[in-house]
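> pasted the sequence and its predicted model underneath.
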Amino acid sequence: MKQLTIILTGGGTAGHVSLNQAILPSLLELGYDVHYIGSEQGIEKELISEAFPKVPFYGIASGKLRRYFSMKNFTDPFKVLAGIMQAFSIIKKVKPEVIFSKGGFVSVPVVMAAKLAGVPVVIHESDVTPGLANKIALPFASHIFTIFEETLQHLPNEKATCTGSIIREELFTGDKAKGLSFCGFTAAKPVLLVMGGSLGSVVLNDALRHNLPELLQTFQVIHLCGKGNKDESLESMPGYKQFDYVTTELPDLLHAADFVVSRAGSNSIFEFLALHKPMLLIPLSAQKSRGDQILNANLFKKQGYAEVLQEEELTKESFIKSVYTLTERKSEMTATMEKTQRPKTPDEMAKLILQYKK
């Protein structure tokens, strides 16, 4: 009997890879031959190849889709065309029953090539409003799943379903003692986890480091600062532990954390919600993005899950004030989060995707 095959795609940031990482073990357990298409330079190659060395990874060309003027806007369409041809060749060779796209620029040529090859595509949107890559991909897709109910108003009724959040099961198996030990911390002080996404955030890093002396009087601080953003002069500071980024240790660090300060990417904030972690969200500003993180953060604040500090209002003083406001609201916030609906499991999500196989 022929083994069934699926291709996963998505990349550029960890947020466009994490759901694929979560469902991959479920697909393998169901007996699927899983392949991954990403970009050669994107973080997805490292994340997938490291966690799943036996899953074939194919790097293709992909152009960035920019809303602002750049000379690369004239050359990148040719990269997209090259990516479509490369993806089409891979699809014809691998012969998948279905393709699942998590978004990001690299997914666009894959979705287009799938349409040309007659392979059904399921895409996933994590933010309140669809990203540009998914907007372009939508006409070529059989179905789109969303995390937020509010997203459905931006999509065709006949091909959109809200699933709610999907959380990696290993996040629930994290060990607080291991997380504390990994950082050289004790249980004597609460732990503040600060993270700015897989690529890091200069403004978050600076706001934290400017306030470190005062924060360390109250907290132990875990700082995920992004690749290449460690400050070597702070390496030996007691109560402060910095990492470029972490992979397998993240569940333990999340369980060790009492409070989280973060950007407002939807994958991360739903993980904090599932683990009932009071959060201060500092969304990427509208000047640096399409504003999706601002919508995510404001919705979480409205629902009582988070405090929000807009990047334009971020100063040394506003940062420390917002952190202390967060600690004061811990009990209220945690109680609200405990009433939320159980997130979907990766097994459930995998089965939803496979409904659309040819």
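Thanks, I have the structure now. Numbering: from 1, shown residues only.
> next, the buried residues of stretch 44-64.
Across stretch 44-64, burial judged by 16 or more other Cβ atoms under 10 Å covers 44-45, 47-48, 52, 55, 57-64. To be clear about C-beta, it is placed using only N, CA and C from the backbone, and glycine gets the same treatment.
> which of the residues you listed fall within helices?
Under the assignment DSSP state H, these contribute Glu44, Lys45, Leu47, Ile48 to helices.
> any idea how far the second one lies from Leu171?
Noted for Lys45: a distance of 23 Å to Leu171, by Cβ to Cβ, to the nearest Å.
> what sits against Val308?
Ala264, Leu280, Leu281, Ile282, Pro283, Ala297, Asn298, Phe300, Lys301 (Cβ atoms under 8 Å, 6 or more residues apart in numbering).
> rerun at 7 Å
Leu281, Ala297, Asn298, Lys301 (Cβ atoms under 7 Å, 6 or more residues apart in numbering).
> quick check: the two most widely separated of the residues you listed?
Largest separation among the contacts of Val308 by Cβ to Cβ: Leu281 and Asn298, giving 9.0 Å.
> so between these two, which is more surrounded?
Shown here are Leu281 and Asn298; by other Cβ atoms under 10 Å, Leu281 has more neighbours (28 against 17).
> give the buried residues for stretch 126-143.
In stretch 126-143, counting by 16+ other Cβ under 10 Å, buried: 126-131, 133-134, 136-138, 140-143.
> now do stretch 318-326
Within stretch 318-326, the residues that count as buried by 16+ other Cβ under 10 Å are Phe319, Ile320, Ser322, Val323, Leu326.
> in a markdown table: the residues you listed, plus distance to Ser107, pLDDT and secondary structure.
Converted to a markdown table, the buried residues of stretch 318-326 look like this (distance: Cβ to Cβ, whole Å; pLDDT from 0 to 100; DSSP: H, G, I helix; E, B strand; the rest coil):
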| residue | distance to Ser107 | pLDDT | secondary structure |
| --- | --- | --- | --- |
| Phe319 | 35 | 97 | helix |
| Ile320 | 39 | 96 | helix |
| Ser322 | 35 | 98 | helix |
| Val323 | 36 | 98 | helix |
| Leu326 | 35 | 97 | helix |
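> dump the buried residues of stretch 44-64 into CSV; add distance to Tyr305 and pLDDT as well.
Putting the buried residues of stretch 44-64 into CSV (distance: Cβ to Cβ, whole Å; pLDDT from 0 to 100) gives the following:
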residue, distance to Tyr305, pLDDT
Glu44, 28, 93
Lys45, 33, 92
Leu47, 27, 90
Ile48, 30, 94
Phe52, 32, 95
Val55, 34, 97
Phe57, 35, 97
Tyr58, 38, 97
Gly59, 37, 95
Ile60, 37, 95
Ala61, 39, 91
Ser62, 34, 82
Gly63, 36, 66
Lys64, 32, 65
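> what's the closest of those residues to His255?
Of all the buried residues of stretch 44-64, Leu47 has the smallest distance to His255: 21.1 Å, by Cβ to Cβ.
> would you mind measuring from that closest one to Phe182?
From Leu47 over to Phe182 (counting by Cβ to Cβ), the distance is 20 Å.
> then His35?
For His35, the distance to Phe182 equals 33 Å [Cβ to Cβ].
> looking at those two, which has the bigger crowd around it?
A count of neighbours by other Cβ under 10 Å puts His35 above the other of His35 and Phe182, at 20 against 17.
> quick check, the more buried one in a strand?
Yes - judged by DSSP: H, G, I helix; E, B strand; the rest coil, His35 forms part of a strand.
> list just the nearest of the buried residues of stretch 44-64 to Gly197.
After measuring the buried residues of stretch 44-64 against Gly197 - Cβ to Cβ - the closest member comes out as Leu47, at 13.5 Å.
> how close does that closest one get to Phe259?
26 Å.
> repeat that for Leu295.
23 Å.
> do Val308 as well
Relative to Phe259, and taking Cβ to Cβ, Val308 is found at 14 Å.
> give the helix, strand or coil label for the residue lying closest to Ile84 once chain neighbours are set aside.
Distance criterion Cβ to Cβ, 6 or more residues apart in numbering; nearest residue to Ile84, sequence neighbours excluded, is Pro109 at 4.3 Å. Taking three-state DSSP as the rule, one finds Pro109 in the helix state.
> what do you get for Phe272?
Under three-state DSSP, Phe272 comes out as helix.
> identify the residues contacting it.
Val260, Met279.
> go on, the one 10 residues further on?
Ile282 is in contact with Leu204, Val261, Arg263, Leu309, Glu311, Leu314, counting by Cβ under 7 Å, 6+ apart.
> in strands, which of those residues fall?
Of the contacts of Ile282, the ones assigned to strands by DSSP state E are Val261.
> are we agreed that Ile99 is in a helix?
No - counting by three-state DSSP, Ile99 is not part of a helix but strand.
> how many other residues sit next to it?
32.
> which stretches of the stretch 251-358 of the chain form strands?
Along the stretch 251-358 of the chain, the segments classed as strands by DSSP state E, counting those that start in this stretch run 259-262, 279-281, 306-308.
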